[in-house]
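Undergrad: When you get a sec, could you give me coordinates for this:
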Amino acid sequence: MSHAISLLDEPILVEDNLPRVGEILPFFQLVNHLLEDITLESFQGKRKILHFFPGIDIPTSAHSVRTLENLGKSLSNTVILNISPDLPFTMSRFSEAAHLTHSINLSTMRGRDMFKNYGVLIMSSKLAGLPARALMVADENDKLLHVELVSDLATEPDFDTALRLLTR
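TA: Numbers count the residues shown, from 1 in each chain. Predicted coordinates for the structure are as follows:
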């Protein structure tokens with residue numbers, strides 16, 4: 001089974017394993033800018049925004065990362081996790097150039113199974129193997145409050161809904 005999304009009206013199939021609101025986030029192990037392995041437990045007791053995107057060099061992805069950075073400045077006890085297949089060095093250069101300090105960039109360099117486990121793995125099109133654009137919000141206990149897989153890769157997630165969940 002799979003979900004159907006698109007890229008500018010071209011159909012794309014995505015792994016059908018998207019977690020649901022109310023479920024607990026699955027385990028993950030990713031790599032940070034220092035090439036250290038980071039797991040879900042690294043953020044224990046914090047609210048989480050997981051932002052999946054195919055690559056920082058895509059204008060929509062870069063804009064989304066900047067938007068979340070600005071939103072993160074007003075959120076307490078919340079970590080913003082930008083998750084992509086980009087190498088940690090690439091994300092670090094982007095963050096330094098854009099003066100980003102409120103979000104954490106994580107690479108799937110040693111954790112590519114995360115895309116499949118989180119139901120965001122693109123299975124068809126020239127982008128197969130990359131993650132679809134998605135936004136997930138979890139509470140301090142890793143319980144999912146919001147899950148959004150965008151219907152078209154050229155569009156951004158609904159950041160306002162995520163922000164409302166974290167400011168009530």
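Undergrad: quick one: low-confidence parts of the protein?
TA: Per-residue confidence for the chain (pLDDT under 70) gives these ranges: 1-6, 8, 168.
Undergrad: Kindly list the main-chain dihedrals of residue 166?
TA: Dihedral angles phi and psi of residue 166 (degrees, to the nearest 10) take the values phi -90, psi -10.
Undergrad: surely it meets residue 48?
TA: No: with contacts defined as C-beta atoms under 8 Å, residue 166 does not count as touching residue 48, sitting 9.8 Å away. Every C-beta, even on glycine, is put in place using the N, C-alpha and C of the backbone.
Undergrad: Now do the shared contacts for the two.
TA: When contacts are counted by C-beta atoms under 8 Å, 6 or more residues apart in numbering, residue 166 and residue 48 have 78, 137 as shared neighbours.
Undergrad: For the protein, which segments count as strands?
TA: Listed in chain order, the strands of the chain (DSSP state E) span 2-7, 10-15, 29-31, 37-39, 47-52, 78-84, 104-107, 134-138, 144-149.
Undergrad: between the ones you listed, which gets nearest to residue 61?
TA: Taking C-beta to C-beta as the measure, the strands of the chain were each checked against residue 61, and strand 78-84 came out nearest at 7.2 Å.
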